[in-house]
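>>> Coordinates for the following, if possible.
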Amino acid sequence: MKARLFKTLLSVLILFSVSSGVIAGTYQPADKHEEQIKEELSVDGPYILYQPDGSVRVISVNKKLKIEDKTYTKLSKNYSFRVTDHKGNNSFKVRLHSIERPEWKYDKPEKTFVMSDPHGRLDCVISLLQGNGVIDKKLRWNFGRNHLVIIGDVFDRGKDVPQIFWLFYKLEEEAAKAGGHVSLLLGNHEPLVMANDLRYTKDKYKVLAKRLGMKYPQLVGSNTELGRWLGTRNTMQIIGDGLYVHAGLSKDFYDKNLEIPFVNQEMSKALFMTKKERKALSPLTAFLYSNDGPIWYRGLVRKEAKYKPLSTDSLQMVLDRYQVKRLLIGHTIFKDISTFYNGKVIDVNVDNKENRNKRRGRAVQIEGNTYYVVGDNGKMRKL
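The predicted structure is shown next:
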């Protein structure tokens, strides 16, 4: 009786072990990849890749969540396509256009609209821009001869990364025709993705790349339309009396006495490199991409010693060198638009989804010498 009971219990134990993947006290998932990446796709792209033989590969995920992968001998001169968000909404048409690096210095227009860190949330971008008259109901430029600035970080965290890039890409051409400007600066997440550091990247992008037999950075690399465009974006830019940079400028940066056009060129040289390749390129490149460089430094808004906070005197030296009155940055997130150093530093980065829901500040609009905090329904208060 005892022997029969023992055999029964042993059989149950073995059955449980096999069905649950537990053998000899270790957990063995049936599919290791499924444990790491949740298999999911949503509307995505398009990604336009220029092939070595001159052909062009266009990849996207359609509304039926099927991957479309087509190769063309060449694209027509005015090739265009429609873009929608990951749910198949917010549709707009994009036409390919010539790509040039923006100027590093612009005169102050009547209005400058400044936002930061959209992180793949197209609905938040559209709501903010429409609510302040920068774009119209059909997502077309509506800001005349004025200037839209995005202080970096479109990649990661959200499900509409290429869609946001395509929107700004489209608006850039429309703004130019109206006498205005769109300036997308590089953040720290752009080079993170290019270096295949995908710790903040949504699974949908990894899944798409895997199914294509590629690494995700290949979909936005230097041989793609979006990559070519990103490779000409500035890291630092002056508009009127303001200097725009994603994270901030450290004392170590000041001591290197770097011209803004030079910084922009050096950052672009290494954008599509791995972290190891950037270090090998030059000590200066390694510094520019380091924690004390312009896309990572937090010492303008964080006072802990590890962030190497900038003294008031040193900040004034930075402002004097570049002949500006203030720095406008993103990168470090706050509950609302925040100022430091008696208004000489303005941090524009907030949790866009939360602030939209709670009707808090999400951007800055500059009119003459007056700075306004704006939300999804226009001006909220003077800064």
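>>> where's the residue nearest to residue 116 when sequence neighbours are not counted relative to residue 342, distance?
Using Cβ to Cβ, 6 or more residues apart in numbering and skipping residues adjacent in sequence, the residue nearest residue 116 is residue 330, 3.0 Å away. The C-beta positions use only the backbone N, C-alpha and C, and glycine is treated the same way. Distance of residue 330 to residue 342, given as Cβ to Cβ, to the nearest Å: 20 Å.
>>> Compare neighbour counts for those two and give me the winner.
Taking other Cβ atoms under 10 Å, residue 330 and residue 342 do not tie; residue 330 has more neighbours (28 against 8).
>>> what about the helices in the stretch 251-383 of the chain?
Here the stretch 251-383 of the chain has its helices, by DSSP state H, counting those that start in this stretch, at 251-255, 260-269, 275-281, 283-288, 312-322, 352-358.
>>> Okay, angle between the second one and helix 312-322 too, please.
Using axes from the mean of the first three to the mean of the last three Cα atoms, to 10 degrees, the interaxial angle of helix 260-269 with respect to helix 312-322 works out to 100 degrees.
>>> Give me the residues contacting helix 260-269.
Outside helix 260-269, the residues that touch it by Cβ atoms under 8 Å, 6 or more residues apart in numbering are 101, 104-105, 186, 231-238, 281, 284-285, 288-289, 294-295, 322.
>>> any chance of the helices of the stretch 251-383 of the chain in JSON lines, plus mean pLDDT?
Output for the helices of the stretch 251-383 of the chain, formatted as JSON lines (pLDDT from 0 to 100):
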{"stretch": "helix 251-255", "mean pLDDT": "98"}
{"stretch": "helix 260-269", "mean pLDDT": "98"}
{"stretch": "helix 275-281", "mean pLDDT": "95"}
{"stretch": "helix 283-288", "mean pLDDT": "97"}
{"stretch": "helix 312-322", "mean pLDDT": "98"}
{"stretch": "helix 352-358", "mean pLDDT": "96"}
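>>> Which among those is found nearest to residue 113?
For the helices of the stretch 251-383 of the chain, the distance to residue 113 is smallest for helix 352-358, at 14.5 Å, taking Cβ to Cβ.
>>> Could you name the helices and strands sitting against that closest one?
helix 122-131 (3 or more Cβ pairs under 8 Å, 6 or more residues apart in numbering; DSSP states H and E).
>>> Can you list the neighbours in contact with the helix it packs on?
Residues contacting helix 122-131 (Cβ under 8 Å, 6+ apart): 85-86, 90, 113, 115, 118, 135-137, 139, 148, 158, 160, 163-164, 167, 352-353, 356, 362-363, 374-378.
>>> How about stretch 272-285?
For stretch 272-285, contacts defined as Cβ under 8 Å, 6+ apart pick out 194-197, 217, 221-222, 227, 231, 256, 266, 269-270, 286, 289.
>>> now swap in stretch 72-85 and tell me
Contacts with stretch 72-85, where a contact means Cβ under 8 Å, 6+ apart, come from 43, 46, 48, 54-58, 63, 90-96, 122-123, 159-160, 162-163, 166-167.
>>> Just the buried ones from the contacts of stretch 272-285?
194, 195, 217, 221, 222, 227, 231, 266, 270, 289 (16 or more other Cβ atoms under 10 Å).
>>> Mind putting those into TSV with distance to residue 317?
TSV is the format used below for the buried ones among the contacts of stretch 272-285 (distance: Cβ to Cβ, whole Å):
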residue	distance to residue 317
194	32
195	32
217	37
221	38
222	36
227	36
231	31
266	22
270	27
289	23
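>>> Can you tell me which of the residues you listed lies closest to residue 178?
residue 231 (25.3 Å).
>>> quick one, what contacts that closest one?
Going by Cβ under 8 Å, 6+ apart, residue 231 touches 222, 268, 271, 272.
>>> residue nearest the centroid of the chain?
Central residue of the chain (Cα atoms, centre = their mean): residue 154, 1.8 Å from the mean position.
>>> for the stretch 51-200 of the chain, which spans come out with low pLDDT?
Across the stretch 51-200 of the chain, nothing is flagged by pLDDT under 70.
>>> ok, which stretches of it are strands?
56-61, 67-72, 80-83, 92-95, 105-106, 111-115, 147-150, 181-184 (DSSP state E, counting those that start in this stretch).
>>> quick one: contacts of the fourth one?
When you say that, I think you mean strand 92-95. For strand 92-95, the surrounding residues in contact (Cβ under 8 Å, 6+ apart) are 78-83, 138-139, 166-167, 169-170, 173.
>>> which of those residues are buried?
Buried among these (16+ other Cβ under 10 Å): 83, 139, 166, 167, 169, 170, 173.
>>> which one is the fifth one nearest to, not counting chain neighbours?
The shortest distance from residue 169 to any residue that is not its chain neighbour, by Cβ to Cβ, 6+ apart, is 5.9 Å, and that residue is residue 229.
>>> That neighbour: which element?
Following DSSP states H and E, one finds residue 229 within helix 225-230.
>>> helices and strands around whatever helix or strand comes next after that helix, which ones?
Downstream of helix 225-230, the first helix or strand assigned by DSSP H and E is strand 236-239. Using 3+ Cβ pairs under 8 Å, 6+ apart as the contact test, the elements touching strand 236-239 are strand 105-106, strand 147-150, strand 242-245, helix 260-269.
>>> nearest to residue 299, of those?
strand 242-245 (12.8 Å).
>>> Touching that closest one from outside, list them.
Taking Cβ under 8 Å, 6+ apart as the rule, strand 242-245 contacts 112, 114, 149, 151, 183, 185, 235-238, 294-295, 319, 322, 324-329, 366.
>>> In contact with residue 149, which residues are there?
Counting by Cβ under 8 Å, 6+ apart, residue 149 makes contact with 112, 113, 114, 115, 183, 185, 237, 239, 244, 328.
>>> With residue 50 instead?
56, 223, 224, 225.
>>> Go again with 6 Å.
56, 223 (Cβ atoms under 6 Å, 6 or more residues apart in numbering).
>>> what pairs with it across the strands?
residue 56 (DSSP bridges).
>>> Flag every buried residue along stretch 262-276.
263, 264, 266, 267, 268, 270, 271, 272, 273.
>>> What residues sit buried inside the helix holding residue 229?
Buried, per 16+ other Cβ under 10 Å, within helix 225-230: 225, 226, 227, 229, 230.
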